[in-house]
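**Q** below is the structure, and that's it, no one-letter string:
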């Protein structure tokens, strides 16, 4: 699969490694998100790339030395008693300006906890160094703590810290060459993870890709969540349980606590960790303080994880005995509803990038409540303009049937005037529809409009 997006990340990485003095770059992000591929786009044949594993320190040093010997003849002929001796000789032998990348750096740190302190010592005299160093890893919290924790040895020493995030749906459409509706469907399953896209392109259609890579006990993604959790957690069972409960409809903290038979106070830390890792989100109504809100809901925010816990986990028994046909029937029966929830999420994310009457809006949220104390109302999309003069309210529909756009807009306006935070703001309505019927209606956005909004 060809390399796409990452323009800003590439620019920052190139700028850093092209500086005349030595630099330290930290790159982190979840597994399969494209960290290694990004780095390899920058490295030249003169640079050194080493993929660490989980072997003991002496073995890691030996393997790294052998990799360096491909560029520096005889580097592996010496026996290095520790990392300090290793890096000391490396600096003596390497050419000025060489880029050295250690991928999956956390694997080394697990067995060599002293290494960050050694690098700290080296970087205190970085004026004497001949190389640029890139440290990369999938263990997000460990990588984050290496440079963002004030007590960490490498705190304040990185010249660049790059967190690699999911790629927008705009680029998935380019890779798959699909129409906008199919792209939204595919993105609702694979999310913005390049490795998943690559696996998808190996098969002729979506269902074939799911059957081969996900709905098979031999599939490379069949146990994907466990592999992801292992990078950042000791207890993968607890995280697996939490996501399973959320996927099955337990969205409130009290509901989750009741199902897991633990006090709600015991769940704050593991839930917050899953939020930090990007797997779930805590959703609160627009204009409410997240810390104080009693209406918060926990949702799975990562598309693949959401798909996995909605379709793989409940059907493991069928998968294990190879009942692919029955699983496919279940998917096709529920896929429309599943995609509709992600359509809403994608639309909310697109709001700041849309040109809505030349007004710039902040990030969008949902809102639900009882403003008139009679019946509960809900908005799929609510956003305030940067100048605080306008309030955008929107409805998301993933329907194939015809929709009366004028009537839907009028309902939105009628509900919006009841909102307590709508006072003194001009209300602007927007419809986010699977297909557009009335071309004369204003502020109607279809899948292609939403996908194009993410073009960078």
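**A** Okay, I see it. Only a predicted model underlies this, so the values are computations on that prediction, with no experimental measurement involved. Numbering: from 1, shown residues only.
**Q** where does the protein dip in pLDDT?
**A** Within the chain, the segments meeting pLDDT under 70 span 440, 456.
**Q** nearest residue to the middle of it?
**A** Nearest residue to the geometric centre of the chain (CA atoms, centre = their mean): residue 166, 4.4 Å.
**Q** so how many other residues sit close to the residue nearest to that residue when sequence neighbours are not counted?
**A** Distance criterion CB to CB, 6 or more residues apart in numbering; nearest residue to residue 166, sequence neighbours excluded, is residue 192 at 2.8 Å. To be clear about C-beta, it is placed using only N, CA and C from the backbone, and glycine gets the same treatment. By the criterion of other CB atoms under 10 Å, residue 192 has 22 neighbours.
**Q** in a strand, residue 192, correct?
**A** No - looking at residue 192 with DSSP: H, G, I helix; E, B strand; the rest coil, it is coil, so not inside a strand.
**Q** returning to that earlier point: any idea how far residue 366 is from the residue nearest to the centre of the chain?
**A** 20 Å (CB to CB, to the nearest Å).
**Q** just residue 419 next, same as before
**A** Relative to residue 366, residue 419 is positioned 13 Å away (CB to CB).
**Q** determine the longest helix present in the chain.
**A** Ranked by residue count under DSSP state H, the longest helix found in the chain is helix 324-350.
**Q** how's the protein carved up into domains?
**A** 7-163, 170-347, 349-453 (automatic domain parsing).
**Q** out of these, nearest to residue 1?
**A** Within these, the stretch nearest residue 1 is domain 170-347; the backing value is 4.3 Å (CB to CB).
**Q** all strands for the stretch 301-450 of the chain, in order.
**A** Remark: strands assigned in the stretch 301-450 of the chain by DSSP state E, counting those that start in this stretch are 365-369, 377-384, 390-397, 426-433, 444-445.
**Q** make CSV from the ones you listed and add mean neighbour count and distance to residue 85 to it.
**A** Conversion of these to CSV gives the following (neighbours: other CB atoms under 10 Å; distance: least, CB to CB, whole Å):
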stretch, mean neighbour count, distance to residue 85
strand 365-369, 19, 54
strand 377-384, 21, 57
strand 390-397, 22, 60
strand 426-433, 21, 60
strand 444-445, 20, 60
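**Q** for the ones you listed, give me CSV that also has distance to residue 178.
**A** What follows is these, written out as CSV (distance: least, CB to CB, whole Å):
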stretch, distance to residue 178
strand 365-369, 28
strand 377-384, 24
strand 390-397, 20
strand 426-433, 19
strand 444-445, 18
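**Q** would you check that residue 147 makes contact with residue 159?
**A** No - between residue 147 and residue 159 there is no contact, the gap being 10.6 Å when judged by CB atoms under 8 Å.
**Q** which stretches of the stretch 151-300 of the chain form strands?
**A** Along the stretch 151-300 of the chain, the segments classed as strands by DSSP E, counting those that start in this stretch run 160-163, 280-283, 297-300.
**Q** off-centre distance for the first one?
**A** On the basis of CA atoms, centre = their mean, to the nearest Å, strand 160-163 sits 15 Å off its chain's mean C-alpha point.
**Q** next, the contact list for the residue nearest to residue 166, please.
**A** Shown in contact with residue 192 (CB atoms under 8 Å, 6 or more residues apart in numbering): 165, 166, 167, 168, 169, 172, 303.
**Q** from the residues you listed, which two are the most distant?
**A** Counting by CB to CB, the most remote pair of the contacts of residue 192 is 165 and 172, 14.4 Å apart.
**Q** who has more neighbours, those two?
**A** Counted by other CB under 10 Å, residue 165 and residue 172 do not tie: residue 172 has more neighbours, with 27 against 14.
**Q** buried residues in the host helix or strand of residue 59?
**A** Counting by DSSP states H and E, the element that carries residue 59 is helix 57-69. Judged by neighbour count using 16 or more other CB atoms under 10 Å, the buried positions of helix 57-69 are 57, 60, 61, 62, 63, 64, 65, 67, 68.
**Q** would you turn those into JSON lines with distance to residue 288?
**A** Below are those laid out as JSON lines (distance: CB to CB, whole Å):
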{"residue": "57", "distance to residue 288": "50"}
{"residue": "60", "distance to residue 288": "49"}
{"residue": "61", "distance to residue 288": "53"}
{"residue": "62", "distance to residue 288": "56"}
{"residue": "63", "distance to residue 288": "52"}
{"residue": "64", "distance to residue 288": "51"}
{"residue": "65", "distance to residue 288": "56"}
{"residue": "67", "distance to residue 288": "53"}
{"residue": "68", "distance to residue 288": "55"}
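**Q** ok, those vs residue 380, which is closest?
**A** residue 60 (50.3 Å).
**Q** can you tell me how far that closest one sits from residue 248?
**A** Residue 60 sits 42 Å away from residue 248, going by CB to CB.
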